[in-house]
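[1] next come a sequence and a model predicted from it.
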Amino acid sequence: MPQLKLLILGGTGEASALAALLAGNPDFSPTLSLAGRTAAPRLPEIPWRRGGFGGIPGLTHYLLTHGIQALIVATHPFAVQMRANAAAAARATKIPVLMIERPAWQAETGDHWVPVPGMAEAAAALGRTQRRVLLTIGRKDLAPFVAAAWHDYTIRSVDAPPSDALPPRANIITARGPFTEAADRQMLIEHRIEIIVTKNSGGKATSSKLLAARALKLPIIMVARPAWPDITGLNAATTEDAPGALAWLEAIRHAASPAKRGV
């Protein structure tokens, strides 16, 4: 049975875990695509590429010219454009597509969450009184907080944001998860944080800040996940993790085999 050629749109722990499961597996010919936003990404032991595709037309062209038979969307839950492009390209090519969606975080007893739909609402929820704020929202969504310039911000990100994109009163921590509750609790104390703004990314790699905030009784402004792209009419499925993705790929490969098709 020939190898199944697949493209993984990555940038998450789930993508890395799937790449590790596929490394050396003779049944599959995978390529991991990284967006290129992180300066020093963790590179897999499978073939990989870095950079964009050029929108829906570019991704569609890549899928067709490289003979891709299955598409795995393992991007960050907030990578709205890439997910939409993937759904559109899968629709155009009729290639099976799997969306990996890690479970969202849920508030538990002792949490004080303020749910908001977006970054502008998160900045507004900080109020007009000066506060010491921890931002763990990445590098791209700082503009609303630049406008709320009276707060003191500590920004934790894998890579430092450009200096011209920062609020005027900002301290930068460059760090890559996973983190521990003890380390996050110490960080919150050292920086005298009064409130946290974060995205509901889900997963375990950065959930320690939630536990630390609960222990210190700190409020969290939680930005809700964006809506999924429309996958109606696609040969599409969803799963929560890398083992689920591997099981889906094995089923796709079996369905595509000549014996299964009666050839």
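    Noted; the coordinates are in hand.

[2] name all residues that make contact with residue 214.
    Counting by C-beta atoms under 8 Å, 6 or more residues apart in numbering, residue 214 touches 108, 110-111. Heads up, the C-betas are built off the backbone N, CA and C, glycines and all.

[3] who wins for neighbours among those?
    Among these, the one with the most neighbours (other C-beta atoms under 10 Å) is residue 111, at 17 neighbours.

[4] distance of it from residue 105?
    Per C-beta to C-beta, to the nearest Å, residue 111 is found 9 Å from residue 105.

[5] which neighbours do those two have in common?
    residue 210.

[6] tell me which helix or strand of this protein sits lowest on mean pLDDT?
    The weakest-scoring helix or strand in the chain, judged by mean pLDDT, DSSP states H and E, is helix 258-261 (a mean of 57).

[7] and the helices in the chain?
    13-22, 55-65, 80-93, 119-125, 143-147, 181-190, 208-216, 242-256, 258-261 (DSSP state H).

[8] now those in JSON lines, please, with extra columns for distance to residue 100.
    As requested, the helices of the chain are exported to JSON lines (distance: least, C-beta to C-beta, whole Å):
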{"stretch": "helix 13-22", "distance to residue 100": "5"}
{"stretch": "helix 55-65", "distance to residue 100": "17"}
{"stretch": "helix 80-93", "distance to residue 100": "11"}
{"stretch": "helix 119-125", "distance to residue 100": "24"}
{"stretch": "helix 143-147", "distance to residue 100": "29"}
{"stretch": "helix 181-190", "distance to residue 100": "25"}
{"stretch": "helix 208-216", "distance to residue 100": "21"}
{"stretch": "helix 242-256", "distance to residue 100": "6"}
{"stretch": "helix 258-261", "distance to residue 100": "25"}
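
[9] of all those, which one is nearest residue 236?
    Taking C-beta to C-beta, helix 80-93 is the member of the helices of the chain nearest to residue 236, at 6.9 Å.

[10] show the average pLDDT along that closest one.
    Mean pLDDT, computed over helix 80-93, is 95.

[11] can you report how many residues lie near the spatially closest residue to residue 149 that is not a sequence neighbour?
    Excluding the flanking residues, the one nearest residue 149 by C-beta to C-beta, 6 or more residues apart in numbering is residue 168, at 5.1 Å. Counted with other C-beta under 10 Å, residues neighbouring residue 168 total 10.

[12] against residue 243, how distant is residue 168?
    Separation of residue 168 from residue 243 (C-beta to C-beta): 46 Å.

[13] ok, now residue 188?
    Noted for residue 188: a distance of 34 Å to residue 243, by C-beta to C-beta.

[14] neighbour-wise, which of the two wins?
    Between residue 188 and residue 243, residue 188 has the larger neighbour count (other C-beta under 10 Å), namely 21 against 12.

[15] ok, now which ones touch the more buried one?
    Residue 188 neighbours (C-beta under 8 Å, 6+ apart): 134, 196, 209, 212-213, 216, 218.

[16] tell me if I'm right that residue 172 and residue 160 touch.
    Yes - counting by C-beta atoms under 8 Å, residue 160 is a contact partner of residue 172 at 5.1 Å.
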